[in-house]
Structures are given as structure tokens and as C-alpha cells.
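*Asks:* got a structure for you, letters missing:
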């Protein structure tokens, strides 16, 4: 595991205190008109290095360098709302491969997602060649518990668990794992936006996520890292169906105080 350290170049530092003002751990102070850290232990979130006008602060041990921001980029709120308004879970996919560069973009979106306490605990298993084998393991798990579910839910009785019950013949499946489930869900949302921007349809497979967490055999097969659990499963592919209208929703339940 790479070690991270906040490094302050005192020759470059002008003591502007911007770093101290944004440090969520209150770990940077200004002494003698220069910034310095209080403790070696830190969140390593990089807020300090991101606001420093003189590039006097760096955080070591990461695989990538920081990118300079080129102007303010803002999404059109109306367009974003329209994307959300017409978003549908897709269960019919074309048998068309998803380019590697698109998968890389989706994974990058997940990796860039903010996490609680800057844990950066989210990881991924991309299922392509082994997808069908893994799906059959999950099918076996669900067939064993279905009789119990049938007793509790009329909807469960109507479900047919066939060989493609979880992935619907989609070309790619990404299992998102994390120590903190919320971090994995946040990553899934950002990944969905990039997937849809590339013309892909997306299905959140809660059923497969349940099966993976219930089966040690499946977790081992998809190589879930120690200390992590499946947070969500994204089923991805080009949709083989087109929805013409938005779903109906109830009025927003909001309390203004």
C-alpha cells in the first residue's frame, strides 16, 4: 500500500492561509507566515493542494497527478433533469460489445467519486468472459431461496429464474465493492451518468448484489477484496428498446422549515 504524505514547499508558500481555511481535518496552520501540518495523520483529501495558488502543497503516493482546471464547466440543469426524467432500467440489450475506452471512462467516474472520510474504498470487478459462469452461480443461489420467497410475496411467485435472470444477456457487468456501502452507491450513480452519456442502457441489479453478499463462493469468484462487500451491480449494454414517454411520479414530498 502506498504511503501518503502532505508535503509543503516552504520556499513557494506565501502564507495566504487558503489551505488552512479548507482543511477539514484542521491539520494545517500558518506559523511565521508559512503553512505547516500539525500531525502526520491526515485525510489526504487534497483540498489544500487544490486551492494553493503557488503549487506549494502536494500529496504523495497517488497514481495520478492533479489536473489544472481550465475554466468553469457547468452542466445545463434543464438537460440534466431531462436525462433523469427519461431514465429507465434496461432489460433488453443489443448483442453489441462495449468499447474498452467506454468501460475505462465508466470506471474512472467511479474512482473519481467522493467517499466518506476520503476512504477511497471503492473497487470494481468487470464481468465479460466470466459473466455467464458467475451468473449461473447466482441463479443456483436464488433457486434455493425462491420457495421461501414465494410464500411471502405474490410477485415472487410470478418470477421465473432462468439462466439470464440477473444480467439479461448484457455484454458487460460491473460489480462495485466497498467497505462502506454508501460509497459504492455514490460511485454507481456517477458511473451510470457516464454510461448513459455514451449511449448505454443501465440496470441496477440488486438481486445479483444480494446473491453475491449471500454466497462466499460468488464473492470468491468475483474476487471481492478482504473487508469489502458488493455495494451494487451495474448491468450495461446498448439498449434494444426505446422508451417514448417518461415514467409517472408522485409529487415531491418536501418539508420547508
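*Replies:* Good, I have the coordinates. Because the structure is a prediction, the values reported are computed rather than measured.

*Asks:* Which strands or helices does the lowest-mean-pLDDT helix or strand in the chain pack on?
*Replies:* Considering only helices and strands, the least confidently modelled element of the chain by mean pLDDT, DSSP states H and E is helix 154-158, at a mean of 77. With contacts taken as 3 or more Cβ pairs under 8 Å, 6 or more residues apart in numbering; DSSP states H and E, helix 154-158 sits against helix 131-152. No exception for glycine: its C-beta is placed from N, CA and C like everyone else's.

*Asks:* Could I get the contacting residues of the residue nearest to the spatial centre of the chain?
*Replies:* Per Cα atoms, centre = their mean, the C-alpha nearest to the average position across the chain is that of residue 187, at 1.5 Å. Under the criterion of Cβ atoms under 8 Å, 6 or more residues apart in numbering, the neighbours of residue 187 are 109-111, 113, 122, 176, 178, 231.

*Asks:* try it again with 7 Å
*Replies:* Residues counted as contacts of residue 187 (Cβ atoms under 7 Å, 6 or more residues apart in numbering) are 110, 113, 122, 176.

*Asks:* hang on, the earlier thing: now do the helix or strand that the least confident helix or strand of the chain is followed by and helix 131-152, the angle between them.
*Replies:* Sequence-wise, the next helix or strand beyond helix 154-158 is strand 172-178, with elements assigned using DSSP states H and E. Compare the direction of strand 172-178 with that of helix 131-152 by axes from the mean of the first three to the mean of the last three Cα atoms, to 10 degrees and you get 70 degrees.

*Asks:* other SSEs contacting strand 172-178?
*Replies:* The helices and strands touching strand 172-178, judged by 3 or more Cβ pairs under 7 Å, 6 or more residues apart in numbering; DSSP states H and E, are helix 100-112, strand 123-127, helix 181-197, strand 229-237.

*Asks:* change it to 10 Å
*Replies:* The elements that strand 172-178 packs onto, with contact taken as 3 or more Cβ pairs under 10 Å, 6 or more residues apart in numbering; DSSP states H and E, are helix 100-112, strand 123-127, helix 131-152, helix 181-197, helix 206-214, helix 216-221, strand 229-237.

*Asks:* Nearest to residue 62 among these would be which one?
*Replies:* helix 100-112 (11.2 Å; Cβ to Cβ).

*Asks:* Residues contacting the closest one, please?
*Replies:* Where contact means Cβ atoms under 10 Å, 6 or more residues apart in numbering, the residues beyond helix 100-112 that reach it are 63-64, 97-99, 120, 122-124, 126, 128, 172, 174, 176, 178, 183-184, 186-195, 197-200, 202, 234, 236.

*Asks:* residues of it that come out buried?
*Replies:* 102-103, 106-107, 109-111 (16 or more other Cβ atoms under 10 Å).

*Asks:* That one versus strand 172-178: what angle between them?
*Replies:* Using the same axes, to 10 degrees, helix 100-112 lies at 20 degrees relative to strand 172-178.

*Asks:* Return the distance of helix 100-112 from the chain's centre.
*Replies:* 10 Å (Cα atoms, centre = their mean, to the nearest Å).

*Asks:* now stretch 112-127
*Replies:* For stretch 112-127, the separation from the chain centroid amounts to 6 Å (computed by Cα atoms, centre = their mean).

*Asks:* Report the outermost residue of the protein with respect to its centre.
*Replies:* Extreme point of the chain relative to centroid (Cα atoms, centre = their mean) is residue 32; 42.2 Å.

*Asks:* Now for it: which residues touch it?
*Replies:* By Cβ under 10 Å, 6+ apart, the residues touching residue 32 are 10, 15.
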